[in-house]
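S.K.: coordinates only, sequence not included:
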């Protein structure tokens, strides 16, 4: 998906045993992390899991209480300025000035990046134009919608194209269309060669954007891998059975529970049941198991309308890995600033 | 919602622009320390431009104090308004500036809570720039407030014997002292990033400093222990120095003490601010 900067021998981020303690609470309890150059790395976890603390530490905004890290080859503590020069932070905690206009926000940040007056104007105009904000450039940011705000926030991180971009929950609170726009932006940025470390509480977002995903819970990484690897750790897949008659669902549930060694869950749709199939199993195994189950349903006179076998969702993976469900799906959110 | 252009413009064109933008990045260059400080000062000025009511404190407090204290305490002091303004106005100037210093700290606390502060800290910029830029805009605010007090005093009949040089020297001294207090409130704001708390702490310090001083009352009328407090209160020395400078016949004692107090507060707080700026979190 993204260009890999070959010829550079060190990863974008290498972290060992990062610890952060706030009073009694171990916000980070030993985080090890390796992010390749040019990769989109997703940090997935519920609120309070330690995602933002990790980003703040790696972006040199917070000092760790333990552990070491090298970011873009520079030591986290000793070479903070070099890291700051080559990375950019956007998202939840890196706020814009609400009372200033979009243009003024970019102009101030441009000057702080060492650009001259003319270069600032050109870059700010180009960014506002490319991010579809030219029409709102002269308006105070406080009046922007959530989507516009997030685009300006990302634009502010691109005044000088960074080698590493930290994106803290880039789509939290956005409506689906704004979310898709941000996703597209993240893909373009990654394709241009910038390493992206993003945090999200949305499984779909990690699935869509990240090549490598770390699942974090209570300050620890509980699983890491590609989306497919995480899903396969959970089980061989999910069997969805749709019945002709909803009245038969309890009976079907009983039969399936007996036939398959997995958890049977009624879906929201009153005709459907889902069974999380146990791992490991090869394809023939699954076929035989499902075949047997269908035979038993037929013998119990349960009429089946449709059978589908799919990979487990990242949601199911999260539940299995952490023992509790992840945050709500992005589509459940309204664009609160609209 | 996004602009209508987001829908009408073809997606391909949009993404091409972004690719071009990423490829055509300006060179990475570190902003100079002074340029960065000036930018932070400009930011504060832009904020005032967009939200002028930020200046209300700096206007209202000097006007209120000057008018109120002149007519409240003027009678007790006796003589014509011109006479007691001679005694009161330099003190009112010192107190007004001291009081309006707390709003700079409150704004910094707000920057910390909204996250604007973190965005600036994430940049490779000389860490003193943020503090120095804040001081630049504070200095402008204090000069503005000083002008309000002096002009109002002149309108009410005050005739400074020290003339324009004396008044300017007094304003410079008071503003310098105010800037040292700015550095103090910045440290408080970085330690306790909460606007309300910063204002409360500043009030707790500034109220006793203002009233346990020689601004309104001759210390000879006070009990001995309070006289001792007035003696060590830096604001007393600043008020005395301003009085001497504005009314002519300045001795070096009060001016020296004021400058020493300013230097001590700034000398302790400036390094502390820089340390807290780097360390926070």
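M.R.: That came through fine. Bear in mind that the values here come from a model prediction, so they are computed numbers and not experimental data.

S.K.: how much space between the residue of chain A positioned farthest from its centre and chain B?
M.R.: Residue distances from the centre of chain A (C-alpha atoms, centre = their mean) peak at residue A:299, which lies 44.5 Å from the mean C-alpha position. Separation of residue A:299 from chain B (C-beta to the nearest C-beta, to the nearest Å) stands at 53 Å. From N, CA and C alone the C-beta is placed, and that goes for glycine too.

S.K.: backbone phi and psi for residue B:125, please?
M.R.: Backbone torsions of residue B:125, given as degrees, to the nearest 10, read phi -130, psi 150.

S.K.: Is it correct that it is in contact with residue A:109?
M.R.: No - Residue B:125 lies out of contact with residue A:109 (C-beta atoms under 8 Å); the separation is 10.2 Å.

S.K.: ok, now which ones touch residue A:163?
M.R.: A:12, A:72, A:86-87, A:194-195 (C-beta atoms under 8 Å, 6 or more residues apart in numbering or on different chains).

S.K.: Spell out which helix or strand contains the residue lying closest to residue A:215 once chain neighbours are set aside, please.
M.R.: Closest residue in space to residue A:215, ignoring its immediate chain neighbours: residue A:223 at 4.4 Å, by C-beta to C-beta, 6 or more residues apart in numbering or on different chains. Using DSSP states H and E, residue A:223 sits within strand A:220-225.

S.K.: Let me see the mean pLDDT of that strand.
M.R.: Averaging pLDDT along strand A:220-225 yields 90.

S.K.: How many residues are close by the closest residue in space to residue B:279 that isn't next to it in sequence?
M.R.: Nearest residue to residue B:279 in three dimensions, chain neighbours excluded: residue A:63, at 7.1 Å (C-beta to C-beta, 6+ apart). The number of residues packed near residue A:63 is 15, by other C-beta atoms under 10 Å in any protein chain shown.

S.K.: Residue A:216 now?
M.R.: 25.

S.K.: circling back: how close does the residue nearest to residue B:279 get to residue A:57?
M.R.: Residue A:63 is 7 Å from residue A:57, where distance means C-beta to C-beta, to the nearest Å.

S.K.: next one: residue B:48
M.R.: For residue B:48, the distance to residue A:57 - C-beta to C-beta - is 35 Å.

S.K.: more crowded one of these two?
M.R.: Set side by side, residue B:48 and residue A:57 show more neighbours around residue A:57, with 26 against 17, by other C-beta under 10 Å.

S.K.: Show the pLDDT at the more buried one.
M.R.: 93.

S.K.: ok, it - contacts?
M.R.: Here residue A:57 is in contact with A:18, A:20, A:28, A:63-64, A:69, A:76 (criterion: C-beta under 8 Å, 6+ apart).

S.K.: do the same with residue B:55
M.R.: Residue B:55 sits next to B:48, B:141, B:144 when contact means C-beta under 8 Å, 6+ apart.

S.K.: cutoff 10 Å now
M.R.: B:48, B:100, B:103, B:141, B:144-145 (C-beta atoms under 10 Å, 6 or more residues apart in numbering or on different chains).

S.K.: quick one on the thing from earlier: of the contacts of residue A:57, which belong to strands?
M.R.: In strands, defined here by DSSP state E, the members of the contacts of residue A:57 are A:18, A:20, A:28, A:69.

S.K.: Restricting to those, which residues neighbour chain B?
M.R.: residue A:20 (C-beta under 10 Å from any C-beta of the partner chain).

S.K.: Could you tell me which of the ones in strands among the contacts of residue A:57 count as buried?
M.R.: A:18, A:20, A:28, A:69 (16 or more other C-beta atoms under 10 Å in any protein chain shown).

S.K.: if we can go back for a sec, between the ones in strands among the contacts of residue A:57, which sits nearest chain B?
M.R.: residue A:20 (9.2 Å; C-beta to the nearest C-beta).

S.K.: hang on, isn't that closest one packed against residue A:61?
M.R.: No - between residue A:20 and residue A:61 there is no contact, the gap being 11.6 Å when judged by C-beta atoms under 10 Å.

S.K.: And the strands in the stretch 151-300 of chain A, which stretches?
M.R.: Ranges of strands within the stretch 151-300 of chain A are A:164-168, A:195-200, A:212-217, A:220-225, A:237-243, A:263-266, A:272-277, based on DSSP state E, counting those that start in this stretch.

S.K.: What angle do strand A:212-217 and the second one make with each other?
M.R.: Here strand A:195-200 points in a direction 40 degrees away from that of strand A:212-217 (axes from the mean of the first three to the mean of the last three C-alpha atoms, to 10 degrees).
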